[in-house]
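Engineer: the following block contains a protein sequence and its predicted model.
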Amino acid sequence: MDMARLDDAFDPTLVLLTVEEAARRLRIGRTLCYRFVSSGELESITVGHLRRVPADAVPEFVTRRRKTQRPATPMTAATAA
(Lines give C-alpha, C1' and ligand atoms only; values in the text may rest on other atoms or scores of the structure.)
Protein backbone atom coordinates (compact mmCIF):
# COMPACT_ATOMS: atom_id res chain seq x y z
CA MET A 1 0.00 0.00 0.00
CA ASP A 2 1.24 3.49 -0.81
CA MET A 3 2.33 5.06 2.51
CA ALA A 4 1.55 8.61 1.30
CA ARG A 5 -2.06 7.60 0.64
CA LEU A 6 -2.22 5.84 4.01
CA ASP A 7 -0.91 8.97 5.75
CA ASP A 8 -3.54 11.09 3.95
CA ALA A 9 -6.28 8.80 5.27
CA PHE A 10 -5.39 9.81 8.82
CA ASP A 11 -4.42 13.44 8.20
CA PRO A 12 -6.53 15.42 10.71
CA THR A 13 -6.26 18.57 8.58
CA LEU A 14 -8.25 17.11 5.68
CA VAL A 15 -11.71 18.63 5.35
CA LEU A 16 -13.04 16.32 2.63
CA LEU A 17 -12.26 12.65 2.16
CA THR A 18 -12.69 10.34 -0.78
CA VAL A 19 -15.08 7.48 -0.14
CA GLU A 20 -12.07 5.17 -0.02
CA GLU A 21 -10.38 7.34 2.64
CA ALA A 22 -13.59 7.38 4.68
CA ALA A 23 -13.78 3.58 4.37
CA ARG A 24 -10.21 3.24 5.64
CA ARG A 25 -10.98 5.49 8.62
CA LEU A 26 -14.03 3.35 9.40
CA ARG A 27 -12.06 0.14 8.77
CA ILE A 28 -14.74 -1.10 6.36
CA GLY A 29 -14.67 -2.04 2.71
CA ARG A 30 -15.06 0.47 -0.09
CA THR A 31 -18.25 -1.18 -1.36
CA LEU A 32 -19.94 -1.03 2.04
CA CYS A 33 -18.88 2.60 2.43
CA TYR A 34 -20.41 3.44 -0.97
CA ARG A 35 -23.59 1.70 0.20
CA PHE A 36 -23.74 3.94 3.29
CA VAL A 37 -23.14 6.99 1.06
CA SER A 38 -25.84 5.92 -1.42
CA SER A 39 -28.37 5.37 1.35
CA GLY A 40 -27.57 8.76 2.90
CA GLU A 41 -26.49 7.14 6.14
CA LEU A 42 -22.98 8.55 5.64
CA GLU A 43 -23.10 12.20 4.58
CA SER A 44 -21.41 13.09 1.31
CA ILE A 45 -21.30 15.98 -1.12
CA THR A 46 -20.37 16.42 -4.74
CA VAL A 47 -17.56 18.72 -5.77
CA GLY A 48 -17.78 18.99 -9.52
CA HIS A 49 -18.06 15.36 -10.60
CA LEU A 50 -16.39 14.04 -7.46
CA ARG A 51 -18.07 12.45 -4.44
CA ARG A 52 -16.52 13.51 -1.13
CA VAL A 53 -17.27 12.72 2.51
CA PRO A 54 -16.81 15.59 4.98
CA ALA A 55 -14.21 14.49 7.54
CA ASP A 56 -16.53 15.36 10.43
CA ALA A 57 -19.25 13.13 8.93
CA VAL A 58 -17.22 10.02 9.81
CA PRO A 59 -17.37 10.40 13.63
CA GLU A 60 -20.99 11.58 13.36
CA PHE A 61 -21.81 8.39 11.45
CA VAL A 62 -20.18 6.30 14.18
CA THR A 63 -22.04 8.19 16.91
CA ARG A 64 -25.41 7.64 15.19
CA ARG A 65 -24.64 3.95 14.67
CA ARG A 66 -23.65 3.55 18.33
CA LYS A 67 -26.92 5.10 19.49
CA THR A 68 -29.03 2.80 17.31
CA GLN A 69 -27.15 -0.44 18.03
CA ARG A 70 -28.51 -2.81 20.62
CA PRO A 71 -26.02 -3.28 23.43
CA ALA A 72 -24.22 -6.59 23.33
CA THR A 73 -25.20 -9.17 25.89
CA PRO A 74 -22.47 -9.32 28.53
CA MET A 75 -20.51 -12.55 28.47
CA THR A 76 -20.87 -14.73 31.52
CA ALA A 77 -18.86 -17.77 32.49
CA ALA A 78 -21.67 -19.96 31.12
CA THR A 79 -21.77 -18.27 27.69
CA ALA A 80 -17.97 -18.09 27.40
CA ALA A 81 -17.56 -21.86 27.78
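Structural biologist: Ah, there it is. Residues are numbered from 1 along each chain as shown.
Engineer: for this protein, which spans come out with low pLDDT?
Structural biologist: Under the criterion of pLDDT under 70, the regions of the chain flagged as low confidence span 1-10, 77-81.
Engineer: so where do the helices sit in it?
Structural biologist: In the chain, helices defined by DSSP state H lie at 3-9, 19-26, 30-39, 57-68, 77-80, listed in chain order.
Engineer: redo the ones you listed as TSV? Include mean neighbour count.
Structural biologist: Where you see a C-beta, it was placed from the backbone N, CA and C, and this is true even at glycine. Listed next are those as TSV, based on neighbours: other Cβ atoms under 10 Å:
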stretch	mean neighbour count
helix 3-9	11
helix 19-26	20
helix 30-39	15
helix 57-68	12
helix 77-80	6
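Engineer: export these as CSV, with columns for distance to Val47.
Structural biologist: Below are those laid out as CSV (distance: least, Cβ to Cβ, whole Å):
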stretch, distance to Val47
helix 3-9, 16
helix 19-26, 13
helix 30-39, 14
helix 57-68, 14
helix 77-80, 49
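Engineer: between the ones you listed, which gets nearest to Ile45?
Structural biologist: For Ile45, the closest of the helices of the chain is helix 57-68, at 9.1 Å, according to Cβ to Cβ.
Engineer: just the angle for that closest one relative to helix 30-39, thanks.
Structural biologist: Orientation of helix 57-68 against helix 30-39 (axes from the mean of the first three to the mean of the last three Cα atoms, to 10 degrees) gives an angle of 80 degrees.
Engineer: and helix 57-68, what does it pack onto?
Structural biologist: Here helix 57-68 is seen to pack against helix 19-26 when contacts are counted using 3 or more Cβ pairs under 8 Å, 6 or more residues apart in numbering; DSSP states H and E.
Engineer: who touches the helix it packs on?
Structural biologist: Helix 19-26 has contacts (Cβ atoms under 8 Å, 6 or more residues apart in numbering) with 6, 8-10, 14, 17, 29-30, 32-34, 37, 42, 44, 51-53, 57-58, 61-62.
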